[in-house]
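Novice: Got a predicted structure plus its sequence, pasted below:
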Amino acid sequence: MNGRFGMPGRGRAGRKLAGAAGAALAASLGLAMTTAAAAAPRHVTATVHGSLNGVSCTSSSNCVAVGSRSAGAGTLVEKWNGSKWSVVTSPNPPGSSSSTLWSVACTAAANCMAVGDYNNSAHTATLPTAERWNGSKWSVVTVPAPSGGTGVALQAVSCASATKCQATGSSAASGSSPVTLAEGWNGTKWSIEPTPSPNPGKPDTLTGVSCPSASLCWAVGYTFPTNFTGTLTEKWNGSKWSVVTTPTSKANQAVGDTCVSTTACMTVGISNKLFAFAQDLSGTTWKLTAAPAKPSGATTSQLSAVACTAAASCESTGTYNKSGGSPALAEGWNGTKWTLQATPAISGSAYAALQGLACTASSNCWAVGETIGSSATDPLIEKWNGSAWSVTAS
């Protein structure tokens with residue numbers, strides 16, 4: 001399972017669904033966009049085939065997106081310089097047969113940390129990996145794996161500073177269910193930190209993490225309190241991780257989270273009814289938000305990433321299922337309700353998902369993911385300008 005449980009398919013937390021969107025859908029949702037904009041399919045021009053999983057921005061002119069190339073060709077990194085996205089050379093772990101970067105966190109234009117996993121050349125184990133950007137090149141950073149772990153992945157990373165990062169994921173020994181995994185970066189090395197796994201013998205994993213300060217992080221994921229999933233929320237207080245009960249602890253699956261302060265955070269994911277859900281932290285209490293809006297004709301939906309510029313100003317992206325395929329999903333939060341936002345139809349795409357998200361302002365967000373056509377999987381990059389989403393060439 002590699003810690004990616006959820007909807008059928010691939011990607012962190014199983015983000016895959018299947019569908020297509022166009023003018024009829026936009027009209028049925030009552031979205032504010034012109035008929036021409038809704039009807040015209042967008043084309044994705046990719047310099048490499050593959051998928052993007054995470055993105056981080058330090059300014060409107062500096063963003064980094066990470067993922068993997070198709071056919072096991074290794075890591076994929078793209079960089080935004082204020083005018084265009086371009087592929088940046090990135091290494092693969094020594095002795096790897098394939099590798100993926102799932103998440104990235106940048107504290108400055110010359111300092112980014114990305115985490116993921118790789119398969120060893122013998123194809124006997126999946127192990128964690130990390131890469132660091134120093135402003136001119138990416139280099140592999142050694143990451144320890146738990147003893148006996150043969151299925152180990154770091155799926156999320158957040159950095160409060162260049163010397164304070166937390167990464168989360170899961171680790172499984174051969175023949176065993178995954179347990180939670182957290183590792184801390186002190187500016188020099190990564191170290192494993194003990195994390196609770198509340199239901200031994202059943203899959204426990206942490207798929208998202210956000211650190212509003214060096215001494216406070218919130219990690220989210222899922223566990224199995226019964227025969228069905230429940231969200232797993234854990235808190236880092238600067239020295240240890242502990243489980244925190246939320247309204248969804250006995251149901252749903254959390255996928256991603258973000259914090260704008262130590263007292264304001266948002267978590268998104270998929271409910272046990274197979275539709276998107278969200279919950280937020282206000283002060284010291286987690287509570288369910290108003291239900292995310294359901295696209296017309298959707299049979300399932302999932303929000304995979306969330307980014308907030310204020311407690312009452314968030315964007316969230318993912319994907320949903322409908323007859324005929326799976327379009328990308330985007331919604332905005334105003335502190336009271338979630339509102340659907342039109343995402344461009346992708347010409348020739350049977351599936352599109354926006355799996356990573358970063359916002360430098362409420363009118364400047366980048367979402368990254370993938371689109372799958374009849375013969376290839378290509379990176380998908382879309383920009384939010386405060387009123388509409390548009391596809392950008394990668």
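Specialist: On my side now, so go ahead. Residues are numbered from 1 along each chain as shown.
Novice: so what secondary structure elements neighbour the helix or strand containing Val209?
Specialist: Val209 is part of strand 205-213, with elements assigned from DSSP states H and E. In terms of contacts (3 or more C-beta pairs under 8 Å, 6 or more residues apart in numbering; DSSP states H and E), strand 205-213 is packed against strand 149-161, strand 164-173, strand 179-185, strand 216-223, strand 230-236, strand 253-261, strand 264-270. No exception for glycine: its C-beta is placed from N, CA and C like everyone else's.
Novice: List the buried residues in that strand.
Specialist: Thr205, Leu206, Thr207, Gly208, Val209, Ser210, Cys211, Pro212 (16 or more other C-beta atoms under 10 Å).
Novice: cool, stretch 154-161 as well?
Specialist: Along stretch 154-161, these residues count as buried under the neighbour rule (16+ other C-beta under 10 Å): Leu154, Gln155, Ala156, Val157, Ser158, Cys159, Ala160.
Novice: could I get it in PDB with only the CA atoms?
Specialist: Provided in PDB are the C-alpha atoms of stretch 154-161 (Å, rounded to 0.1, in the frame of the first residue of the first chain):
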ATOM      1  CA  LEU A 154       8.200  10.100   3.400                       C
ATOM      2  CA  GLN A 155       5.000  11.600   1.900                       C
ATOM      3  CA  ALA A 156       5.000  15.200   3.300                       C
ATOM      4  CA  VAL A 157       7.500  17.800   4.600                       C
ATOM      5  CA  SER A 158       7.200  21.200   6.200                       C
ATOM      6  CA  CYS A 159      10.000  23.500   7.300                       C
ATOM      7  CA  ALA A 160       9.700  26.300   9.900                       C
ATOM      8  CA  SER A 161      13.300  27.300   9.000                       C
END
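Novice: What is the distance between that stretch and the centre of its chain?
Specialist: Relative to its chain's centre, stretch 154-161 lies at 12 Å (C-alpha atoms, centre = their mean, to the nearest Å).
Novice: For Ser304, see how far away Glu370 is.
Specialist: The gap separating Glu370 from Ser304 is 11 Å, by C-beta to C-beta, to the nearest Å.
Novice: actually Cys112, sorry about that
Specialist: Computed as C-beta to C-beta, the Cys112 to Ser304 distance reads 21 Å.
Novice: Compare these two (neighbour count), which wins?
Specialist: Ser304 (32 against 26; other C-beta atoms under 10 Å).
Novice: re the thing from before, can you name the two of the buried residues of stretch 154-161 that sit furthest apart?
Specialist: Pairwise distances among the buried residues of stretch 154-161 were taken by C-beta to C-beta; the largest, 18.7 Å, belongs to Gln155 and Ala160.
Novice: now the strands for the stretch 251-394 of the chain?
Specialist: Taking DSSP state E, counting those that start in this stretch to define them, one finds strands in the stretch 251-394 of the chain at 253-261, 264-270, 276-282, 285-288, 300-310, 313-321, 328-333, 338-341, 351-361, 364-372, 377-384, 389-392.
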